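[1] Next input, structure requested:
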Amino acid sequence: MSRRLIVRAAAALAVVGLLAGCSSDPLAQDYLDGGNSNYISGQDILEVPAAERGEPIVFEGETDEGATLARTDFDGEVLVVNFWYAGCAPCRAEAPDLESLAQQYDGNGAAFVGVNIYDGAETSLAFARKFDVSYPSLLDAKTGTIRLAFAGDIPPQAVPTTFVLDREGRIAARILGQLQERSILDTIVGDLVAEES
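    Sure, this is the predicted structure:
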């Protein structure tokens, strides 16, 4: 069985035991209970073999804390880029898993960054406090330049969308929709960290 099919099978099985930690968030719970059909349901995972990856993604922007951050700041590391906004129920539901993985890989070959496509700095920072998100988020609501940087052959198409860039900054994987199981992203990131340049 191919690795891609194994990852998809694991995602399908994970739906049943999903996100017990989000029950204190009414919007996330409503989404988990079948409400808010304005969001992508399920999950679609695309992994790109090393030989088929395109050019490095180039982006730069301002974080919700006012710092400038660029993709090149992470050269040599695997970079997980999560497109989100505060009112997005599946974004809220997946936040604890993303944060857990960000902590796990901090200093271990991978970094995480959010791209807030809708909110201003205050709302973005409030979300980070509420969900204990420690990694930075870039603000892209006014310019859309970061979304544009990802708009090539493998675009973000929905919110949430999570990209995993290899150590050269090329798209190695895309997860459309809510991260259904932390182990799926963990496997993708771990494999890329171990991958030879």
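[2] mind checking pLDDT for residue 100?
    Note for residue 100: predicted pLDDT of 97.
[3] Show me what secondary structure element comes after whichever strand or helix holds it.
    Element membership of residue 100, judged by DSSP states H and E, is helix 89-105. Sequence-wise, the next helix or strand downstream of helix 89-105 (DSSP H and E) is strand 110-116.
[4] orientation of that following strand relative to helix 89-105 in degrees?
    160 degrees (axes from the mean of the first three to the mean of the last three C-alpha atoms, to 10 degrees).
[5] Partner strands of strand 110-116, with direction?
    Strand 110-116 has the following strand partners under DSSP bridges: strand 78-84 (parallel), strand 137-139 (parallel).
[6] tell me how far the longest one is from the chain's mean position?
    Which is strand 78-84. 4 Å (C-alpha atoms, centre = their mean, to the nearest Å).
[7] Report the secondary structure state of residue 61.
    Judged by DSSP: H, G, I helix; E, B strand; the rest coil, the three-state class of residue 61 is strand.
[8] Kindly list the main-chain dihedrals of the closest residue to residue 104 other than its chain neighbours?
    Excluding its sequence neighbours, the residue lying closest to residue 104 (C-beta to C-beta, 6 or more residues apart in numbering) is residue 186, at 7.3 Å. Any C-beta I mention is one placed from the backbone N, CA and C, and that applies to glycine too. Note on residue 186: its backbone torsions stand at phi -60, psi -40 [degrees, to the nearest 10].
[9] which SS state does residue 154 fall under?
    Per three-state DSSP, residue 154 ends up coil.
[10] And it, how close does it get to residue 121?
    Going from residue 154 to residue 121 by C-beta to C-beta, to the nearest Å gives 28 Å.
[11] more neighbours, those two?
    Neighbours per residue (other C-beta atoms under 10 Å) separate residue 154 from residue 121, with residue 154 holding more: 19 against 15.
[12] quick one: the helix holding residue 100 to chain centroid distance?
    A distance of 8 Å separates the centroid of the chain from that of helix 89-105, by C-alpha atoms, centre = their mean.
[13] for that helix, packing partners?
    Secondary-structure packing of helix 89-105 (3 or more C-beta pairs under 8 Å, 6 or more residues apart in numbering; DSSP states H and E): helix 26-32, strand 78-84, strand 110-116, helix 182-194.
[14] Can I get the ones you listed in CSV including distance to residue 169, mean pLDDT and mean neighbour count?
    Converted to CSV, those look like this (distance: least, C-beta to C-beta, whole Å; pLDDT from 0 to 100; neighbours: other C-beta atoms under 10 Å):
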stretch, distance to residue 169, mean pLDDT, mean neighbour count
helix 26-32, 31, 51, 18
strand 78-84, 7, 98, 25
strand 110-116, 12, 98, 24
helix 182-194, 12, 96, 18
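[15] Serialize the ones you listed to a markdown table and add fields for distance to residue 65.
    Converted to a markdown table, the helices and strands packed on helix 89-105 look like this (distance: least, C-beta to C-beta, whole Å):
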| stretch | distance to residue 65 |
| --- | --- |
| helix 26-32 | 24 |
| strand 78-84 | 16 |
| strand 110-116 | 12 |
| helix 182-194 | 24 |
